[in-house]
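below is the structure, and that's it, no one-letter string:
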């Protein structure tokens, strides 16, 4: 089958950074689906693995952890889907990704695609939706927060892919006041359009901006980028016994400033459940099913902002370059006709 992969770590300007290749059709494990991939999205994780990820013994690594497609076959113990079903998922970073004609993926981390979206729109959501959901409900466990309390969520970098869904989920499913950070006029508008009550500029001191909103302290902070840089400000604006969750990869994270306030720290990696086949692995199927319902109900909007036609090495190199530029609003998706 056709796929796009790499056999050496190259900058995206190198034509060999991603190449069209031929690989065998994957063999299915017990709980697998064989999915005909119709659309894929590119996330920062794709660019990180391309630049520094290991190369398998087979000689090529296939990226892609956001996909929508059609089920073409099922493994012997797979019962949630049948041939012809439309599905969406983010996948498992330890297995070949979705930048291929066909992909084998565990049905326990796959959900039914929203009926109101096309494949490209659907492919913009799974990784960010899973990450955002797990941040809110599995790591921060906001559903257990005292509803009589003044719960305030501050999202650092709210205009990106995860922030765009996190803002919507928090606004739709919790009673929290949602504050996003953004620095440009267009990103500030995007954050407000996706449900934030307020927006502050992360390039300026936070406390005075919050004070102007009548807010002295927040209860929860989510760091989506540059978390280490913002530690002093996070510690300053979080209330005692507040919670901080992060998804980025700081080289040095000084958690000392959090001790005085007994601030709890939570990591989120949406691949954990698939990587370790945890006892909660099926929660990803359940949450994707729930998010699809929210999309079809009109409560959650897709975040596709740039569409590229035709899944190929050339189109994926273009998409990687867009993501690496660092000024994306929403998601870039590559879709077949």
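Yep, it's here. Being a predicted model, the structure only gives us computed values, none of them experimental.

how about the contacts made by the residue nearest to residue 60 when sequence neighbours are not counted?
Leaving out its chain neighbours, the residue that sits closest to residue 60 by C-beta to C-beta, 6 or more residues apart in numbering is residue 5, at 3.7 Å. To be clear about C-beta, it is placed using only N, CA and C from the backbone, and glycine gets the same treatment. Counting by C-beta atoms under 8 Å, 6 or more residues apart in numbering, residue 5 makes contact with 18-19, 21, 23, 60-63, 99.

one more pass at 6 Å, please.
Listed by C-beta atoms under 6 Å, 6 or more residues apart in numbering, the contact set of residue 5 reads 21, 60-62.

do the same with residue 64
Neighbouring residues of residue 64 by C-beta under 6 Å, 6+ apart: 40, 97-99.

again, but for residue 254
Residues counted as contacts of residue 254 (C-beta under 6 Å, 6+ apart) are residue 231.

just give the number of residues close to residue 83.
The number of residues packed around residue 83, counting by other C-beta atoms under 10 Å, is 11.

for it, give its distance to residue 70.
In this structure, residue 83 and residue 70 are 8 Å apart, going by C-beta to C-beta, to the nearest Å.

try residue 116
Taking C-beta to C-beta as the criterion, residue 116 is separated from residue 70 by 17 Å.

ok, these two, which is more surrounded?
Taking residue 116 and residue 70 together and counting by other C-beta under 10 Å, residue 70 has the greater number of neighbours (17 against 13).

ok, the more buried one touching residue 36?
Yes - counting by C-beta atoms under 6 Å, residue 36 is a contact partner of residue 70 at 4.8 Å.

residue contacts, residue 294?
Residues in contact with residue 294 (C-beta under 6 Å, 6+ apart) are residue 300.

and it, how far from residue 15?
41 Å.

from the contacts of residue 64, pick the one nearest residue 246.
In terms of C-beta to C-beta, no member of those lies closer to residue 246 than residue 97, at 23.9 Å.

skipping adjacent residues, who's closest to that closest one in space?
Here the nearest residue to residue 97 in space, its sequence neighbours aside, is residue 64; by C-beta to C-beta, 6+ apart that works out to 3.3 Å.

secondary structure element for the residue nearest to the spatial centre of the chain?
Central residue of the chain (C-alpha atoms, centre = their mean): residue 128, 2.3 Å from the mean position. Secondary structure assigned from DSSP states H and E places residue 128 in helix 126-133.

on the three-state scheme, residue 71 is what?
When states are read from DSSP: H, G, I helix; E, B strand; the rest coil, the local structure at residue 71 comes out as strand.

so it makes contact with residue 89?
No - counting by C-beta under 6 Å, residue 71 stays clear of residue 89, with 10.9 Å between them.

more crowded one of these two?
Applying other C-beta under 10 Å to residue 71 and residue 89 shows that residue 89 carries more neighbours, namely 31 against 21.

gap between the more buried one and residue 239?
According to C-beta to C-beta, residue 89 and residue 239 sit 37 Å apart.

now do residue 247
Using C-beta to C-beta, one obtains 22 Å as the distance from residue 247 to residue 239.

pLDDT score for residue 327?
Among the per-residue scores, residue 327 holds a pLDDT of 83.
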